[in-house]
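Engineer: just a sequence and a predicted model for now, questions to come.
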Amino acid sequence: MSLTEFEWDTVNCARCSLCKWVDPWELTSERFAKVCPAVARYLFDAYSCQGKMDVALGLMRGELEFTESLLDIVYKCNLCGACDIMCKRSRELEPLLMFKALRAKCIEDGQIIPEHMFLIDSLKREDNVFGEPKSKRGAWAEGLELKDINKKKAEVLFHVGCRYSYDADLLDILRGVVDILQASGVDFGIAGSEEACCGGRAYELGYQGEAGNFAEDVQGRVKASGATTLVTACSDCYAAFKYTYPLLGKELPAEVLHITEYLERLLKEGRLNLTQDLGLKVTYHDPCHLGRLSEPYIPWEGSRGAYGRHTPPKEFRRGTFGCYDTPRNVIRQVPGVELAEMERIREYSWCCGSGGGVWEAYPEFASWTAAERIEEALSTGAEALVTACPWCERAFKDSVVESGAPIKILDLTELVLLAAGDGKKKSKE
């Protein structure tokens with residue numbers, strides 16, 4: 001995907017600033033009215049969607065050249081997609097795709113920031129974003145009786161992802177997922193140390209070729225496993241499987257489900273029962289990659305004529321069909337849990353701060369973004385903030401430790417595990 005493919009988009013951006021705000025009809029307060037973390041943090045238009053449109057156009061026309069300040073603008077972006085959704089309310093442009101093409105242009109021209117160089121080197125060397133030994137990727141499963149998908153067939157392939165595989169603080173959540181699946185009688189297996197990164201972060205950073213290589217690896221593993229369903233608890237992986245892989249021509253030969261979707265299925269089938277009254281008021285954070293960024297890829301081939309008309313007509317991803325209802329449905333089935341919504345939810349959700357390489361390169365910005373969401377969660381009066389992404393969990397847990405905010409951070413599977421109690425035991429029987 002070349003940056004020049006998006007010249008029409010950059011020229012025809014109206015510079016209307018709608019990309020910075022929640023839709024007017026959805027506004028509840030001025031305090032939580034913004035959707036773009038970058039422009040909210042740095043208060044300069046260059047960091048906004050329309051600002052990056054200007055940067056891209058300037059590069060294409062030779063009016064700008066790469067500088068440290070320009071790269072700062074390009075990479076201080078979570079790629080959360082909120083601006084893309086807001087833009088499509090009035091203009092049928094593709095800001096998010098343009099941003100990714102802009103980063104690919106940076107890579108082609110050797111404009112790489114050191115923190116991202118470490119990340120991509122880690123991916124090439126150890127198949128994960130942390131630079132941890134690939135041999136330890138399956139260490140989280142030590143002591144568990146799990147089927148090795150590389151040796152035995154299974155109906156379900158459970159893809160763990162980098163963050164869950166190597167973050168010791170999230171180990172209990174991951175093992176909790178296994179407990180639920182086993183208790184529900186699911187025939188599943190894992191790839192263990194043979195599992196590789198989904199490649200989603202590589203694609204976000206502009207390394208399109210590397211992302212394609214990771215997609216081929218996962219594609220081949222799914223085919224070899226014979227699994228008919230691929231389940232992941234990582235929202236980043238989920239979005240990569242649902243959108244990025246088909247975009248790269250690497251669609252997976254299996255049904256792709258996030259763990260929240262699979263939990264809802266198990267509950268509907270009566271294979272999982274929630275019996276414990278938790279007596280807890282919670283609020284739910286929509287992860288970007290589980291929400292607006294998880295809409296399936298919609299292929300289109302054609303031409304663009306006068307006034308941007310597409311022939312044949314193009315169907316756009318507008319963020320409304322992400323995985324929003326499913327996690328809420330599961331939460332509402334937990335006895336004694338009250339769900340109090342934040343102001344910015346569903347496609348308007350505020351990012352946790354971890355995406356787009358920001359967590360690795362600009363930790364202060366990532367921390368600020370997470371703290372903003374924690375403040376919004378506290379405004380609901382909730383005792384716990386529930387989410388369904390390990391990157392969001394890590395960001396929020398760190399933020400709470402740093403600020404001392406009086407709120408618990410829970411993964412949705414933790415909530416289900418707490419509520420399962422006797423229901424989980426009955427499922428085993």
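Structural biologist: All right, it came through fine.

Engineer: quick one, what contacts residue 11?
Structural biologist: residue 57 (C-beta atoms under 8 Å, 6 or more residues apart in numbering). (C-beta placed from N, C-alpha, C; glycine too.)

Engineer: list the buried residues in the helix or strand harbouring it.
Structural biologist: Using DSSP states H and E, residue 11 sits in helix 7-12. Judged by neighbour count using 16 or more other C-beta atoms under 10 Å, the buried positions of helix 7-12 are 9-10.

Engineer: how about stretch 285-301?
Structural biologist: 285-295.

Engineer: same check on stretch 140-155?
Structural biologist: Under 16+ other C-beta under 10 Å, the buried positions of stretch 140-155 are 140-141, 146-147, 149, 154.

Engineer: now the element after the helix holding residue 11, going C-ward?
Structural biologist: helix 37-42.

Engineer: mind listing residues that contact that following helix?
Structural biologist: For helix 37-42, using C-beta under 8 Å, 6+ apart, the contacting residues are 20, 34, 45, 47-48, 51, 76-78, 80, 350-351, 353, 365, 368-369, 372.

Engineer: cross these against helices and list the overlap.
Structural biologist: 51, 365, 368-369, 372 (DSSP state H).

Engineer: only the buried subset of these, as a ChimeraX command please.
Structural biologist: Command for ChimeraX that selects the buried part of those, burial taken from 16+ other C-beta under 10 Å:
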select :51,365,369,372
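
Engineer: surely residue 197 touches residue 127?
Structural biologist: Yes: Residue 197 lies in contact with residue 127 (C-beta atoms under 8 Å); the separation is 5.5 Å.

Engineer: those two: which is more packed in?
Structural biologist: residue 197 (27 against 20; other C-beta atoms under 10 Å).

Engineer: where do the strands sit along the stretch 201-350 of the chain?
Structural biologist: Taking DSSP state E, counting those that start in this stretch to define them, one finds strands in the stretch 201-350 of the chain at 229-232, 255-258, 280-284, 303-304, 310-311, 337-339.

Engineer: could you dump the ones you listed into JSON lines with mean neighbour count added?
Structural biologist: Output for those, formatted as JSON lines (neighbours: other C-beta atoms under 10 Å):
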{"stretch": "strand 229-232", "mean neighbour count": "22"}
{"stretch": "strand 255-258", "mean neighbour count": "21"}
{"stretch": "strand 280-284", "mean neighbour count": "21"}
{"stretch": "strand 303-304", "mean neighbour count": "10"}
{"stretch": "strand 310-311", "mean neighbour count": "12"}
{"stretch": "strand 337-339", "mean neighbour count": "18"}
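
Engineer: any idea which of those scores lowest on pLDDT?
Structural biologist: Across the strands of the stretch 201-350 of the chain, strand 303-304 has the smallest mean pLDDT, namely a mean of 90.

Engineer: who touches it?
Structural biologist: 8, 310-311.

Engineer: which intervals of this structure have sub-threshold pLDDT?
Structural biologist: 422-429 (pLDDT under 70).

Engineer: mind checking how far the residue nearest the centre of it is from residue 237?
Structural biologist: Closest residue to the average C-alpha location of the chain: residue 289 at 2.5 Å, with C-alpha atoms, centre = their mean. Residue 289 sits 8 Å away from residue 237, going by C-beta to C-beta, to the nearest Å.

Engineer: could you dump the buried residues of stretch 140-155 to JSON lines with secondary structure and distance to residue 104?
Structural biologist: Output for the buried residues of stretch 140-155, formatted as JSON lines (DSSP: H, G, I helix; E, B strand; the rest coil; distance: C-beta to C-beta, whole Å):
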{"residue": "140", "secondary structure": "helix", "distance to residue 104": "33"}
{"residue": "141", "secondary structure": "helix", "distance to residue 104": "36"}
{"residue": "146", "secondary structure": "coil", "distance to residue 104": "38"}
{"residue": "147", "secondary structure": "strand", "distance to residue 104": "38"}
{"residue": "149", "secondary structure": "coil", "distance to residue 104": "33"}
{"residue": "154", "secondary structure": "coil", "distance to residue 104": "36"}
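
Engineer: closest to residue 223 among these?
Structural biologist: Of all these, residue 223 sits closest to residue 149, with 11.5 Å by C-beta to C-beta.
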